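Enquirer: Need a 3D model of the following:
(one chain, ligands or ions: 1)
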Amino acid sequence: MDLKIAGRTALVCGASKGLGKGCALSLAMEGVNLVIAARGRDALESTAEEIRKRTGVTVHTVVCDITTPEGREVALKATPHVDILVTNAGGPPPGDFHDWRRDDWIKAVDSNMIAPIELIRQSIDGMIDRRFGRIINITSSAVKAPIAFLGLSNGARAGLTGFVAGLSRQVVKHNVTINNLLPGPHATDRLGAASQSIATSTGKSIEEAEQYLLAQIPAGRFGLPDEFGLACAFLCGAGAGYITGQNLLLDGGAYGGTFG
Ligand code: NAP
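Expert: Residues are numbered from 1 along each chain as shown. The predicted structure follows:
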């Protein structure tokens, strides 16, 4: 299927590894040129080289912390025309709500709510002028079904989701869509951190913690970054202009509600 986005430019944040990398690769396979951002240079350069070799598209790298105003400035400067924006950064740390103080909340909201909103604010007017824009926010299944030890994530991401629900309806008439992808457990570094957290709080081994997570997934396996990326690319396709304001779960059936 040709998604008819070859030659477009995407800014993909948090793209050196995991789900962001999966999105970057799938877009590149459709012929989309990329600017990819992450904090660590080595993994970012190696991902860029891998994508160039596999797809032949242009890939620029920006080493930055996308949760800071300075980081966003350099990333956006490197992407004069953002046709496709994928917002993504590390999730807030797990823990117990008794321990979270104002500073912890501000940090979580800054990283997982305000950073994507700022990236959207600074790139959306160009999309509206050019009558094409696709914005994907990588959030979490926790937006639909809260995970107790990830309370900072539950709260901050719900704020982003609420804001995007309104904005997406304002801009869709310009062929600019905004959708959220909600990962359940995927086989990435972040999953290792979640397993570690469960192991620490329950006294299980890491393997037992992973089995505990797996037992809750009807698919019987963790998701793969590449299949996550395919969903992202589809929503960024030229033909996806009528899909907006949606929260798409990619969780192997783990969410138990009758209506998604
Ligand atoms: P990952 O494998 O750890 O990859 C995260 C990527 O984002 C890396 O490229 C990382 O590179 C980059 N990154 C992190 N913080 C950044 C920052 N401040 N500025 C720029 N780049 C940053 O994580 P993942 O599994 O792909 O998760 C992506 C998002 O999905 C996270 O918010 C996570 O909480 C959420 N999520 C994941 C799962 C899952 O099972 N994997 C489930 C639910 C939700 P650097 O560290 O070098 O910056």
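
Enquirer: Please make it C-alpha for all contacts and neighbour counts, starting now.
Expert: Noted.

Enquirer: where along the chain do the strands fall?
Expert: 9-13, 33-38, 59-63, 84-87, 133-138, 176-183, 247-250 (DSSP state E).

Enquirer: Looking at these, spot the one closest to K204.
Expert: K204 sits nearest to strand 176-183 of all the strands of the chain, at 23.9 Å, using C-alpha to C-alpha.

Enquirer: Can you list the buried residues in that closest one?
Expert: V176, T177, I178, N179, N180, L181, L182, P183 (16 or more other C-alpha atoms under 10 Å).

Enquirer: wait, isn't the second one in contact with R134?
Expert: In other words, T177. Yes: contact criterion C-alpha atoms under 8 Å: T177 and R134 qualify, at 5.1 Å.

Enquirer: for this protein, where's the lowest mean pLDDT among helices and strands?
Expert: helix 189-202 (a mean of 83; mean pLDDT, DSSP states H and E).

Enquirer: From the chain's centroid, how far away is it?
Expert: Here the centre of helix 189-202 is set off from its chain's centre by 20 Å, with C-alpha atoms, centre = their mean, to the nearest Å.

Enquirer: go on, stretch 193-208?
Expert: 24 Å.

Enquirer: Can you name the residues in contact with that stretch?
Expert: P94, A209, E210, L213 (C-alpha atoms under 8 Å, 6 or more residues apart in numbering).

Enquirer: let's see 6 Å
Expert: A209, E210 (C-alpha atoms under 6 Å, 6 or more residues apart in numbering).

Enquirer: for stretch 160-178, same thing?
Expert: The list of residues contacting stretch 160-178 from outside it, by C-alpha under 6 Å, 6+ apart, reads M113, I128, R131, F132, G133, R134, I135, I136, G241, T244, G245.

Enquirer: Quick one: mean pLDDT over that stretch.
Expert: Averaged over stretch 160-178, pLDDT sits at 98.

Enquirer: buried sites along it?
Expert: Neighbour counts over stretch 160-178 (16+ other C-alpha under 10 Å) mark L160, T161, V164, A165, S168, V171, V172, N175, V176, T177, I178 as buried.

Enquirer: same question, stretch 60-70
Expert: For stretch 60-70, burial by neighbour count (16+ other C-alpha under 10 Å) applies to H60, T61, V62, V63, C64, D65, I66, T67.

Enquirer: For the first one, name its beta-bridge partners.
Expert: On the basis of DSSP bridges, H60 is bridged to V35.

Enquirer: That one contacts V35, doesn't it?
Expert: Yes: the pair H60 and V35 passes the contact test of C-alpha atoms under 6 Å, sitting 4.7 Å apart.

Enquirer: Keep only the buried residues of strand 176-183 that also lie close to the ligand.
Expert: P183 (C-alpha under 6 Å from any ligand atom).

Enquirer: Arrange the buried residues of strand 176-183 in JSON lines, one row each, with distance to C232 as further columns.
Expert: As requested, these are exported to JSON lines (distance: C-alpha to C-alpha, whole Å):
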{"residue": "V176", "distance to C232": "15"}
{"residue": "T177", "distance to C232": "12"}
{"residue": "I178", "distance to C232": "11"}
{"residue": "N179", "distance to C232": "9"}
{"residue": "N180", "distance to C232": "9"}
{"residue": "L181", "distance to C232": "8"}
{"residue": "L182", "distance to C232": "11"}
{"residue": "P183", "distance to C232": "11"}
